[in-house]
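A.B. asks: attaching a predicted model along with its sequence, questions to come.
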Amino acid sequence: MSSLVLALPDDITDVTEFLRHVDLTLSGLDSPTVQIWIERDAAGEIVASTGFELSDDREHVLIRSVAVHHSAQRAGEGTTLALFALARAMEYGAQQAWLFSRRSGLFWQKLGFEPASRDELAHALASTHQVRLFVESGQLDREVAWTRSLRPR
């Protein structure tokens, strides 16, 4: 993932289109609190993304937008993207990572994530765009939450 770059405001339309295509949450993509990194192919199309949103206290981070376009999938690509987001979150001082995933639990478990309480996630990350959307829409009750410590072992 050496070609990951931080998405800038001019990238948001393309990021939105990519995440819609891979069926991931679109809320808050234009917010300065959401950090998304992208990889583009030779034609300039986004083929991978990863990112997060920090809690107000910067102790918790919601990992989001980890995706690889089917045309660009290579062995280990998703893991590389996820680890990139976790490393950047730790640089920002986050101590605990959280995410929602109904389809990729085994993937996240291989990266040290454990099942978590949706309510605990929603409390820790109440100000984030994705949590607010899920609470307001009633979608929170249908989500599966995961968590992992980012503290050094």
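C.D. replies: Now that the structure is in, tell me what you want to look at.
A.B. asks: for residue 48, which residues make a bridge with it?
C.D. replies: Here residue 48 sits in beta bridges with residue 39, residue 68, as judged by DSSP bridges.
A.B. asks: surely it and residue 38 touch.
C.D. replies: Yes: Residue 48 lies in contact with residue 38 (Cβ atoms under 8 Å); the separation is 6.9 Å. For the C-beta atoms, the positions are set from N, CA and C on the backbone; glycine is no exception.
A.B. asks: so for those two, which residues contact both of them?
C.D. replies: Common contacts of residue 48 and residue 38 (Cβ atoms under 8 Å, 6 or more residues apart in numbering): residue 4.
A.B. asks: after the helix or strand of the chain with the lowest mean pLDDT, which helix or strand is next?
C.D. replies: In the chain, no helix or strand scores lower on mean pLDDT, DSSP states H and E than helix 105-110, which sits at a mean of 92. Following helix 105-110 in sequence order, the next helix or strand is strand 114-116 (DSSP states H and E).
A.B. asks: what sits up against that next one?
C.D. replies: Contacts for strand 114-116 (Cβ under 8 Å, 6+ apart): 98, 105, 144-148.
A.B. asks: list of residues touching the very next helix or strand once past that strand?
C.D. replies: Remark: after strand 114-116, the chain's next helix or strand is helix 118-124, criterion DSSP H and E. If you take Cβ under 8 Å, 6+ apart as the criterion, helix 118-124 is touched by 55, 59-60, 62, 96, 98, 100, 131, 134-135, 140-141, 143-145, 147.
A.B. asks: mind running it again at 6 Å?
C.D. replies: Helix 118-124 is contacted by residues 60, 98, 131, 140, 143, 145 when judged by Cβ atoms under 6 Å, 6 or more residues apart in numbering.
A.B. asks: do you know how far the residue nearest to the fifth one when sequence neighbours are not counted is from residue 118?
C.D. replies: Take residue 143 and drop its neighbours on the chain: the residue closest to it by Cβ to Cβ, 6 or more residues apart in numbering is residue 100, 4.6 Å away. Note on residue 100: its distance to residue 118, by Cβ to Cβ, to the nearest Å, is 8 Å.
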